[in-house]
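Participant: dropping the sequence and predicted coords here.
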Amino acid sequence: MSFQHPPHQPPAQWPGAGAGENGKPSPLTASLAGMAGLVAAAFFAMGVLETVVNANLFSVKLDHGPVITALVLQSLETLLLGIGGVLLIARVGAGRVLVVAGALAVLLQLAMTLTKFTGFFGQPLLFHVGVLQDVVIGCLAASLLSAALAVLPSTAAYIATRRARQPVNPQTGYHPPQQW
């Protein structure tokens, strides 16, 4: 007679990594990733709008290359992080890709800023460190946090549960009601 041990799940490595108390994945990482992406997108959008309103982009004296490059990059970051954040909150898998792409665009613009080719747009609220304002540092942190949370396995598991639908009865086409 052989003794069989009951199956068990390995413990989670970090909070939110495994299934929640009711066996469903935790929405914590996906929600936080989406909200961090939206916060970063909002601040980047304010910087773009401020620059468009206050800068004389049609001036002959202005060096247009770096300014236009920064405006295009920061607008792209705003779109990628904003749309990605909304899609993550809505549990759509493409949000993970968009948020990571937005964070990569932020890192590209950071590299261009540190090499003094272009810069970030926006006014500092309290301080600035070298060529980076405090708002930009916060946006960098929020976009990188959003990307880090978006690539976690628990975020993928939470998004995947949206696609797991109950089967349709082939004879009646009836979807059984979901239990909440």
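Facilitator: Received the coordinates, thanks.

Participant: okay, CA-based contacts and neighbour counts for the rest of this
Facilitator: Fine.

Participant: now for this protein, the helix or strand with the poorest mean pLDDT.
Facilitator: For the chain, the helix or strand with the lowest mean confidence is strand 128-129, at a mean of 60 (criterion: mean pLDDT, DSSP states H and E).

Participant: remind me which residues of this structure are low pLDDT?
Facilitator: Across the chain, the ranges flagged by pLDDT under 70 are 1-23, 54-64, 119-132, 163-180.

Participant: which parts of it are helices?
Facilitator: With helices called from DSSP state H, the chain shows them at 28-54, 64-89, 94-114, 134-150, 153-163.

Participant: now the longest one and helix 153-163, what's the angle there?
Facilitator: So that's helix 28-54. Computed by axes from the mean of the first three to the mean of the last three C-alpha atoms, to 10 degrees, the angle separating helix 28-54 from helix 153-163 equals 100 degrees.

Participant: also the fourth one?
Facilitator: Relative orientation of helix 134-150 versus helix 153-163 (the same axes, to 10 degrees): 70 degrees.

Participant: and helix 134-150, which residues are buried?
Facilitator: The neighbour-count check on helix 134-150 (16 or more other C-alpha atoms under 10 Å) flags 134-136, 139-140, 142-150 as buried.

Participant: Ala42 and Val151, how far apart?
Facilitator: Look at Ala42 and Val151: by C-alpha to C-alpha, to the nearest Å, they are 22 Å apart.

Participant: and for Lys116?
Facilitator: Counting by C-alpha to C-alpha, the gap from Lys116 to Val151 is 31 Å.

Participant: also Thr161?
Facilitator: Thr161 is 16 Å from Val151, by C-alpha to C-alpha.

Participant: ok, the two, which is more surrounded?
Facilitator: Legend: neighbour count by other C-alpha atoms under 10 Å for Thr161 and Val151, higher for Val151 (17 against 12).

Participant: can you tell me how far that one is from Ala45?
Facilitator: Applying C-alpha to C-alpha to Val151 and Ala45 gives a distance of 24 Å.

Participant: can you check Met35 too?
Facilitator: For Met35, the distance to Ala45 equals 15 Å [C-alpha to C-alpha].

Participant: just Ala33 next, same as before
Facilitator: Counting by C-alpha to C-alpha - Ala33 and Ala45 are separated by 18 Å.

Participant: higher neighbour count, the two?
Facilitator: In this view Ala33 and Ala45 are compared by other C-alpha under 10 Å, and Ala33 has more residues nearby, 31 against 21.

Participant: ok, that one touching Gly85?
Facilitator: Yes. Ala33 is in contact with Gly85 according to C-alpha atoms under 8 Å; the separation is 6.8 Å.

Participant: now Ala103: closest residue in space, sequence neighbours ignored.
Facilitator: Setting aside the residues directly before and after it, Ala103 is nearest to Ser143 in space (C-alpha to C-alpha, 6 or more residues apart in numbering), at 5.4 Å.
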